[in-house]
Every structure is written in C-alpha cells, then in structure tokens.
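In: build me a model from this:
(one chain, ligands or ions: 2)
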Amino acid sequence: EAFDVVVVGSCMTDLVSQAQRLPRAGETIHGHKFFIGFGGKGANQCIQAARLGAKTAMVCKVGRDYFGENYIQNFRDNGVSTEFVGQTADAATGVASIIVNDAGENAIVIVAGANMLLSGEDLQHALPALSRAKVLVCQLEVSPDTTLQALRLAQENNVKTIFNPAPAIPDLDPDFYRASDVFCCNESEAQLLTEMAVASIEDAGHAGRELLRRGCRSVIVTLGSQGCVVLSGQEASSMLHHVPTETVTAVDTTGAGDSFIGALAFYMTTFPEMPLQEMASRANQVAGVSVLKIGTQASYPSKKDLPSKLF
Ligand code: RIB
Ligand code: NA
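Out: Residues are numbered from 1 along each chain as shown. Ligands and ions are numbered 1, 2, ... in the order given. Sure, this is the predicted structure:
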C-alpha cells in the first residue's frame, strides 16, 4: 500500500487547563476549564494532512494503557493507517500538560514516555510504507536518533522530507539539515538553532539563509501573526518570499504550527508542482482556522470546512 504522507513522530494525550493567565513559579491559580484531547506534534501533523484528504500512515509508539488504546481509535476515526502504531508495556503513552491563557497563548510540559521507545527496528518494520511514501514528516518529540534515521531512509528512497525541529534542541546534529527537503521551524526555534535574534521578517530571512547554508533544500520560518518566510535554492541565488497571513482573533494557538505542517505535507503530495510559497500561503490559511477554536486536533478543519479555493 502506498501512502501520500508518512509521519514518524509522537502521540501525546493533551491535558489542557484554560486560565486567565499562566501561573508563575510556586503559584497556584484558578482555571476555568479543563479537557483532554489528542495531541503530540507528529500525530497532530498527520491528522491535519488526513483531514485535508491525504492518504496517511503514522509510525509511532504508545503505551499499553487506556490513553494508548484511545489514541489508536482516534487514528482509525480519522482514517490514518495504524499498521505501524506500536504499543509497549514498558512506558506510558506520552502526555502533555498544557495551560492556555485568555490571550490564546500556552505553556506546555511533555512527558514523552512510550514515544522515546520508537526505535530503528520499528522503522525497519515500516520500511515498505516509508520507502514508497510521497512525503515523510518528522519532528523532535521521539528520539533524535530514530528521527534522523527515518529522514535518511526517506532520502535514500527519493521520498521528500519535511523536518520540523520542535521542540528545538541547541546541539542539533548537522545531518538533520542535509536530510531536510523542507526545514520548517518557528521564530523561537530558528533563534535557538542559529543563535540569531528572530523578531522581524528581516531577521527570519537572515536566520533562514543560515539554515539553508547548513544544507536544507528549502526553509520555512513561521512568524505567527506575521505569516512566514520561505527560502529555497542555493544560498547565493536563493529566493526569499514573505508570505503574509490574515489577522484573526486567536482563541487557542496550541498546535497551529502542526496544522500548518500537516497542511504543507498535504499540498506537497497533492500539488507537487505548486511553488512552495503558495503551499505555505494556503497552509497558513488552514492553520488560521485552527486557532479560532480551543484544542489542538479538535480544532483542525477538514476539507469540507474550508473554501474550495484552497484545493
Ligand atoms: O504542538 C502542539 C503539541 O505539542 C501539543 O498537542 C502537545 O501534545 C505537544 O506535543
Ligand atoms: Na486551536
């Protein structure tokens, strides 16, 4: 079976509290709402691609526990293949404790648990799917070794790669850059990786050039309400585009970046000839819809919820 999008990445159960503001160290505050949702950057990206119509498979590991069972059902409900979803008794399903304030901002602590047990052996098992996918998508919520191995396997098989270095680590193995067709990060990740300040569109362009120099084929630096910057081509002659986004009143921005990447993966597989900046512009519009609702996957739009001009 050939998939459009294969994601090698994380699943987390999101435990979300909404409060007026984020607490300070040592402080207890009252929140006004609590809910449990499906999250994890890898799964979020996979679910968004699936909701837009991509044929998707998830390569991941959950615990042999209630959250894990539930998560597998969530993939089925969204039409994601669970053939390569492993379950382990050695660790619990990953969880993310999330606090969302009234401005729609968040603070997150993840305990990756079973995600960290996704291994090279699991990749070998998924190789038939991985090697025939149109696009592989990876992040940094499973072991970096497994992630880099997945990207390399994709490259060896001429599968396009999207790498999202989130959450960012300062000493990222330089091979990650060379293994990325599209290296897609937000402003704070770009800042951490390049050690350059990234506050403006201009800054994002400079940081993006540096990331290109490290060997990525294309770079996207997302800038929240300022849209994103897209760079591709050889560093000297690289083209830089700023892609603006419509201003929306955000209720919850958690997982908006994942919605963007999932949508990007969908566009890369469905419209491979489309210029990257046009894909980014459309992916921005998809992610823009997700911030209007509370929750991560719970807020991701399906094809039927979106204007036909996006397809
Ligand atoms: O990017 C958002 C996601 O980050 C959440 O769903 C949470 O699970 C964390 O992994
Ligand atoms: Na949302």
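In: please count neighbours and contacts with C-alpha atoms only from this point.
Out: Will do.
In: residues of the one helix or strand Pro128 maps to that come out buried?
Out: When elements are assigned from DSSP states H and E, Pro128 belongs to helix 120-130. Within helix 120-130, the residues scored as buried using 16 or more other Cα atoms under 10 Å are 120, 122-123, 126-127, 129-130.
In: same check on stretch 140-149?
Out: By neighbour count, with 16+ other Cα under 10 Å as the criterion, the buried positions of stretch 140-149 are 140-144, 146-149.
In: what helices or strands is the helix holding Pro128 leaning on?
Out: Contacts defined by 3 or more Cα pairs under 8 Å, 6 or more residues apart in numbering; DSSP states H and E place helix 120-130 against strand 56-63, helix 144-156.
In: let's see it at 7 Å
Out: Helices and strands touching helix 120-130, by 3 or more Cα pairs under 7 Å, 6 or more residues apart in numbering; DSSP states H and E, are helix 144-156.
In: show me what the helix it packs on is packed against.
Out: Helices and strands touching helix 144-156, by 3+ Cα pairs under 7 Å, 6+ apart, are helix 120-130, strand 160-163.
In: ok, whichever residue of the stretch 151-300 of the chain sits closest to ligand 1 - contacts?
Out: Proximity to ligand 1, evaluated over the stretch 151-300 of the chain using Cα to the nearest ligand atom, is greatest for Gly255 at 3.8 Å. Under the criterion of Cα atoms under 7 Å, 6 or more residues apart in numbering, the neighbours of Gly255 are Thr296.
In: likewise for Ala92?
Out: Under the criterion of Cα under 7 Å, 6+ apart, the contact list for Ala92 reads 63, 65, 113-114.
In: which residue ranges of the chain form strands?
Out: In the chain, the segments counted as strands under DSSP state E are 5-8, 12-19, 31-39, 56-63, 85-88, 94-100, 106-111, 135-138, 160-163, 182-186, 218-222, 228-232, 239-243.
In: spatially central residue for the protein, please.
Out: Nearest residue to the geometric centre of the chain (Cα atoms, centre = their mean): Asp258, 3.7 Å.
In: now the helix or strand of the chain with the lowest mean pLDDT against strand 218-222, angle please.
Out: Among the secondary structure pieces of the chain, namely its helices and strands, strand 239-243 has the lowest mean (mean pLDDT, DSSP states H and E), a mean of 91. Computed by axes from the mean of the first three to the mean of the last three Cα atoms, to 10 degrees, the angle separating strand 239-243 from strand 218-222 equals 30 degrees.
In: so which elements touch strand 239-243?
Out: The helices and strands touching strand 239-243, judged by 3+ Cα pairs under 7 Å, 6+ apart, are strand 228-232, helix 276-290.
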